[in-house]
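Asker: have a look at this prediction, sequence included:
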Amino acid sequence: MAVEPLSSKEIEDRLAELPGWSLDGDRLTRSFRLGSHFAATAMVVHIAQVQEELDHHSDLTLGYNTVSLRVNTHSAGGVITEKDFELARRVQDLAPGHGAS
Ligand SMILES: C[C@H](O)[C@H](O)[C@H]1CNC2=NC(N)=NC(=O)C2=N1
């Protein structure tokens, strides 16, 4: 997949399709709240599997009952590319199965 930097407009348009995701400096970010610590931990494991499949990894933080991601593309110099949105879409798709909101 291309790792060219996305323009502000391209980022804005993609974020509009991803509820709860936002820009934090030069990273995409989203936090999820879950029903328990174990549910949050299970979601972290699932996200890790997807990240390995995509070979694209976020800074993934497990809280008491929260999961937070912050991501950009290191190989493109720490800017946001389509690979970051590919990961965000995959996480957005798996979240409901974990009861994450
Ligand atoms: C060697 C390995 O394929 C690369 O280092 C991958 C690993 N995961 C990655 N994750 C992110 N966020 N950006 C990258 O450029 C990246 N590159």
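Answerer: Everything's here; your move.
Asker: SS state for L23?
Answerer: Recorded secondary structure, L23: strand (DSSP: H, G, I helix; E, B strand; the rest coil).
Asker: hmm, it is touching E10, no?
Answerer: No - taking contacts as CB atoms under 8 Å, L23 lies outside contact range of E10: 12.0 Å. C-betas here are computed from N, CA, C, even on glycine.
Asker: what ranges does the chain have for its helices?
Answerer: 8-15, 37-54, 82-94 (DSSP state H).
Asker: OK, contacts around the most centrally placed residue in the chain?
Answerer: In the chain, the centroid-proximal residue (CA atoms, centre = their mean) is A88; its distance is 3.9 Å. Counting by CB atoms under 8 Å, 6 or more residues apart in numbering, A88 touches L18, W21, L28, R30, L69, V71.
Asker: so which bits of this structure are right by the ligand?
Answerer: Residues of the chain found near the ligand (CB under 6 Å from any ligand atom) are D55, H56, H57, V71, T73, H74, S75.
Asker: could I get the residues you listed in JSON lines, plus columns for pLDDT?
Answerer: Compiled in JSON lines, the residues of the chain next to the ligand are given as follows (pLDDT from 0 to 100):
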{"residue": "D55", "pLDDT": "98"}
{"residue": "H56", "pLDDT": "98"}
{"residue": "H57", "pLDDT": "98"}
{"residue": "V71", "pLDDT": "98"}
{"residue": "T73", "pLDDT": "98"}
{"residue": "H74", "pLDDT": "97"}
{"residue": "S75", "pLDDT": "97"}
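Asker: please list the members of those residues that lie in strands.
Answerer: V71 (DSSP state E).
Asker: tell me the pLDDT at N72?
Answerer: Looking at N72, its pLDDT stands at 98.
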